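**Student:** From the sequence below, what's the structure:
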Amino acid sequence: MKTKSLGNRRALRGAVLFILALAVTGCGVKAPPVPPRSVPPAAISDLAASRTGNTVTLIWSIPTGKAAGTAGVAGFAVYRAVSSTQDPACADCPLLFRRVTEIDLERYQVGVSDLKKITFQETITPGLRYVYKVAALSRDGQIGADSNRVTIR
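**Tutor:** Purely as a prediction, here's the structure:
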């Protein structure tokens, strides 16, 4: 009987030591929980522009799937830089882009899965060079990377 009792004590002592070791070591650093980092929408890569008279039309695809980021696309910011066509073109000169408008997808009142392309139109002034770019906006407020640039003269 003593050997059985001694064996039970050793097993119990081993189990207690194992539980204490788990309790003391835990799972690592104790800190408040951190929300997962969200991924902003990908850059739009198919921005295109056309000009009819004094009206420029921009068109691009809505990012879907992984390209939409973790929160999804809520809209777009359209940026424009304007310079004179009289000035010599400078490949290294920086362009000063200003936000022209923000397009909210909810206003389109069509499901994103049904909507393939977004268009934006505005009137331009002859004799000026316009450079446009677009960035997707996520539902959690992040701005995606800039799209390709398009130039209208």
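**Student:** Show me the residue at the heart of this protein, geometrically.
**Tutor:** P40 (1.9 Å; CA atoms, centre = their mean).
**Student:** How about the secondary structure of that residue?
**Tutor:** coil (DSSP: H, G, I helix; E, B strand; the rest coil).
**Student:** hey, where'd the helices end up in this protein?
**Tutor:** 2-25 (DSSP state H).
**Student:** Give me the neighbour count for the closest residue to T123 other than its chain neighbours.
**Tutor:** Spatial nearest neighbour of T123, excluding adjacent residues (CB to CB, 6 or more residues apart in numbering): N54 at 5.3 Å. In this view, the C-beta of every residue, glycine as well, is placed from N, C-alpha and C. By other CB atoms under 10 Å, the residues close to N54 number 10.
**Student:** hang on, N54 packs against T125?
**Tutor:** Yes: N54 is in contact with T125 according to CB atoms under 8 Å; the separation is 7.4 Å.
**Student:** any idea where the strands of this protein begin and end?
**Tutor:** When secondary structure is read from DSSP state E, the chain shows strands at 48-52, 55-61, 73-84, 98-104, 117-123, 128-138, 150-152.
**Student:** Pull stretch 53-65 out as CSV, backbone CA atoms only.
**Tutor:** C-alpha atoms of stretch 53-65 as CSV (Å, rounded to 0.1, in the frame of the first residue of the first chain):
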residue,chain,number,x,y,z
GLY,A,53,-14.1,69.6,-76.0
ASN,A,54,-13.6,71.3,-72.6
THR,A,55,-14.7,68.2,-70.6
VAL,A,56,-12.4,65.7,-69.2
THR,A,57,-13.7,62.2,-68.1
LEU,A,58,-11.7,60.0,-65.8
ILE,A,59,-12.6,56.3,-65.5
TRP,A,60,-11.2,53.5,-63.2
SER,A,61,-12.1,50.2,-61.7
ILE,A,62,-13.2,49.6,-58.2
PRO,A,63,-10.7,47.4,-56.2
THR,A,64,-12.3,44.2,-55.1
GLY,A,65,-11.1,41.1,-53.1
